[in-house]
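# Any chance you could fold what I've pasted below:
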Amino acid sequence: MSDQFQSAKPELDSPASGAFAVTPGDDNDLPFVTRAIYVGGAGDIVMIMAGDSAPVTRKNVPAGGEYPWRIKRILQSGTTATLIVGDY
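Numbers count the residues shown, from 1 in each chain. Just a heads-up that it's a prediction; the model follows:
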């Protein structure tokens, strides 16, 4: 299949071109800084944003939503949301 947008320069508001299942970990960064995340199961997410070094907690993140957060790590400790997918 041809990709008519293959040579287009991606911008911050461009759609994601890849995705990965997130496994929260207290010591490991994600394989890519996300462009957004999808949350399949509601709960809290403890994250370190792309430009920060300290964790922040997003409480009661609803299921079924995609959130435009640039995240480099999702911590296992305190994260109760499930089925998280990182888009990049």
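
# When you work out contacts or count neighbours from here on, use the C-alpha atoms and nothing else.
Will do.

# burial of L75, as a residue count?
The tally of other residues near L75 (other C-alpha atoms under 10 Å) stands at 23.

# sorry, that was for R70
Residues near R70, counting by other C-alpha under 10 Å: 20.

# With S14 instead?
By other C-alpha under 10 Å, the residues close to S14 number 10.

# for P15, same thing?
Neighbours of P15 under the rule other C-alpha under 10 Å: 12.

# Q4 too?
By other C-alpha under 10 Å, the residues close to Q4 number 7.

# swap in G43?
Count around G43 with other C-alpha under 10 Å applied: 17.

# Same question for the one 4 residues further on.
Using other C-alpha under 10 Å, the number of residues around M47 comes to 27.

# Also the one 4 residues further on?
As a burial measure, the neighbour count of G51 was computed by other C-alpha under 10 Å and equals 9.

# cool, and D3?
That count, for D3 with other C-alpha under 10 Å as the rule, works out to 6.

# In contact with it, which residues?
Residues in contact with D3, defined by C-alpha atoms under 8 Å, 6 or more residues apart in numbering, are absent; none qualify.

# where does it land in three-state SS?
Classification of D3 using DSSP: H, G, I helix; E, B strand; the rest coil returns coil.

# Tell me the pLDDT of it.
On pLDDT, D3 comes in at 79.

# And for R73?
98.

# likewise N60?
Confidence at N60, expressed as pLDDT, is 98.

# now it: how far from I45?
Using C-alpha to C-alpha, to the nearest Å, N60 is found at 8 Å from I45.
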